[in-house]
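Peer 1: Let's see this in three dimensions:
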Amino acid sequence: MNPATIAAALGRAVIDRLAGLGHAAIFFGDLVRHMFSSLRRPYLTIVQVHAIGNRSLIIIAASGAAVGLVLALQGYLTLSRYGQAESLGLLVALALVRELGPVITALLYAGRAGTSLTAEIGLMKAGEQLVAMEMMAVDPRVRVLSPRFLAGVFAMPLLGAVFSAVGILAAYVVGVWMIGIDEGQFWSQMQGGVDVVKDVGNGIIKTLVFGIASTFIALYVGYESKATPEGVALATTRTVVISSLSVLFLDFILTALMFTSP
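Peer 2: Here you go, the predicted structure:
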């Protein structure tokens, strides 16, 4: 291949990527714009909050408990070397509300709820239900996509809070009941060292951003999937990969903005 052909192919690839990003930005703008219209029919959003959030509680709570148990054991082994075993509650709380709670919740959300949203929208497209809505002058972005987007934005912070709370309770069971750390020290260290605004508030902001990103990716990939069984299967895989990478990238950016300043 001559250099001109390579340059043309590279330019075409760059233009296609930029066009895809522009289309995704327009799609996101439409979701945000129609999201307020969904508030006029709250029952649509409530149903989706139940489907997205309530049905994810089991895996979120179980994962939070497992992380809390392991974090308490590993934290105690490390802190006991320096005579700071009483700080176990503070260590667990900061690790969960700042980092592990939002990130792991978002990854689990992408794997459970994100794939469900993508498959649902993809199957509706394959069954020509979205086209039928357009033929009846019903905008599927208002009737189908926006309530799901709004539900994801609502559900993610709640799921993150459940994950962190269950993880702290699991760490309490290990640290106080099994290891024998003083109960008062466990809670007082946590109460004195965790800042509500800087630590808990920033953790909630993280889950909110992750919820927006993961739900948008799931809906967009499902809406743009090919109307075939293979296309829907590929779309669900793309949702998990893109959402997970986006969460990890956004987590680094948000952590740098929130916790690196003095």
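Peer 1: ranges for the helices of the stretch 151-262 of the chain?
Peer 2: 183-193, 202-223, 229-259 (DSSP state H, counting those that start in this stretch).
Peer 1: Going by length in residues, pull out the top helix of this structure.
Peer 2: Secondary structure of the chain read by DSSP state H shows that its longest helix is helix 3-38.
Peer 1: buried ones in that one?
Peer 2: 27-28, 30-31, 34-35, 38 (16 or more other Cβ atoms under 10 Å). To be clear about C-beta, it is placed using only N, CA and C from the backbone, and glycine gets the same treatment.
Peer 1: Report the rounded mean pLDDT for it.
Peer 2: For helix 3-38, mean pLDDT is 81.
Peer 1: Then stretch 148-161?
Peer 2: For stretch 148-161, the mean pLDDT works out to 93.
Peer 1: Buried residues of it, list them for me.
Peer 2: In stretch 148-161, counting by 16+ other Cβ under 10 Å, buried: 148-161.
Peer 1: Export those as TSV, with columns for distance to E120.
Peer 2: Formatted as TSV, the buried residues of stretch 148-161 follow (distance: Cβ to Cβ, whole Å):
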residue	distance to E120
R148	8
F149	13
L150	16
A151	12
G152	13
V153	17
F154	18
A155	15
M156	18
P157	22
L158	21
L159	19
G160	23
A161	26
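Peer 1: Is it possible to get TSV of the helices of the stretch 151-262 of the chain that adds mean pLDDT, distance to L169 and mean neighbour count?
Peer 2: Listed next are the helices of the stretch 151-262 of the chain as TSV, based on pLDDT from 0 to 100; distance: least, Cβ to Cβ, whole Å; neighbours: other Cβ atoms under 10 Å:
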stretch	mean pLDDT	distance to L169	mean neighbour count
helix 183-193	91	11	15
helix 202-223	94	17	24
helix 229-259	92	24	16
